Structures are given as structure tokens and as C-alpha cells.
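Following is a predicted model, sequence given first.
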Amino acid sequence: MIARQDLSKIYETLFSMPGMGEPVKVELKIPRRQLLLLHKAILRGISPKESDEKSIVLLDSAGEEMTRELLTIAEELLKKAGLSEMNARLNGL
């Protein structure tokens with residue numbers, strides 16, 4: 001098993017490679033139900049359980065800014081699919 005510090009260095013190295021900061025256009029055509037599930041998966045990934053050491057190291061290596069950008073992308077997906085209001089109501093349950 002890789003130590004937390006070593007894993008962190010690996011992720012930081014991957015994130016700093018040339019071209020990793022460049023925008024990529026992604027055309028995505030999926031059903032709304034999958035998009036809603038993708039949104040929930042992104043949110044869950046941003047807030048991993050404390051027992052999920054690898055996810056925590058990944059998020060720490062990515063930094064707060066990248067995490068916020070990922071959250072923004074997730075919210076934009078909902079907005080484009082017209083699911084923002086429904087998602088807000090589901091969260092209220």
C-alpha cells in the first residue's frame with residue numbers, strides 16, 4: 001500500500017503535467033436521470049468519508065479551487081438539464 005505522502009506526491013505530479021490545466025470540450029448526451037446521478041456522485045466524491053483515505057488525498061492534492069470548479073460544473077450540468085429546482089426539492093426531503 002502506498003503511503004499517504006507518496007500518493008499525494010503522485011497526484012500533485014499528475015496535476016502539474018503539461019496540458020493538465022488546459023480546457024477540454026466535452027460533448028455529453030445522457031438521459032436526465034443519469035445526469036442527476038452524476039451530479040450526486042460528484043457531490044459525494046467532493047465530500048468523501050473519513051475512512052476513504054485515497055479520495056481525501058486526491059482532493060487535498062487537487063486543492064480547494066479545483067474542488068470548487070468541479071462543484072460549479074456539477075451545478076451547470078443540472079441547470080442545463082433543467083433539473084436545478086427538482087434537485088433542490090429532493091435535497092429538502
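Thanks, I have the structure now.

So for stretch 43-53, mean pLDDT?
The predicted model gives stretch 43-53 an average pLDDT of 78.

Check which residues of that stretch are buried.
Going by neighbour count (16 or more other Cβ atoms under 10 Å), nothing in stretch 43-53 comes out as buried. C-beta: built from backbone N, CA, C; applies to glycine.

Mind listing residues that contact that stretch?
By Cβ atoms under 8 Å, 6 or more residues apart in numbering, the residues outside stretch 43-53 that reach it are 4, 55-56, 59, 67, 70-71, 74.

With secondary structure and neighbour count added, can I get those residues in a markdown table?
A markdown table is the format used below for the contacts of stretch 43-53 (DSSP: H, G, I helix; E, B strand; the rest coil; neighbours: other Cβ atoms under 10 Å):
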| residue | secondary structure | neighbour count |
| --- | --- | --- |
| 4 | helix | 13 |
| 55 | helix | 15 |
| 56 | helix | 16 |
| 59 | helix | 19 |
| 67 | helix | 15 |
| 70 | helix | 16 |
| 71 | helix | 14 |
| 74 | helix | 20 |
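
Could you export the least confident helix or strand in the chain by mean pLDDT as CSV, CA atoms only?
Using mean pLDDT, DSSP states H and E, helix 53-62 stands out as the lowest-scoring helix or strand of the chain, at a mean of 78. Extracted in CSV, the C-alpha atoms of helix 53-62 (Å, rounded to 0.1, in the frame of the first residue of the first chain):
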residue,chain,number,x,y,z
GLU,A,53,-8.1,7.8,2.6
LYS,A,54,-7.3,7.8,-1.2
SER,A,55,-10.2,10.2,-2.1
ILE,A,56,-9.2,12.5,0.7
VAL,A,57,-5.5,12.6,-0.6
LEU,A,58,-6.8,13.2,-4.1
LEU,A,59,-8.9,16.1,-3.0
ASP,A,60,-6.2,17.6,-0.8
SER,A,61,-3.8,17.4,-3.8
ALA,A,62,-6.3,19.0,-6.1
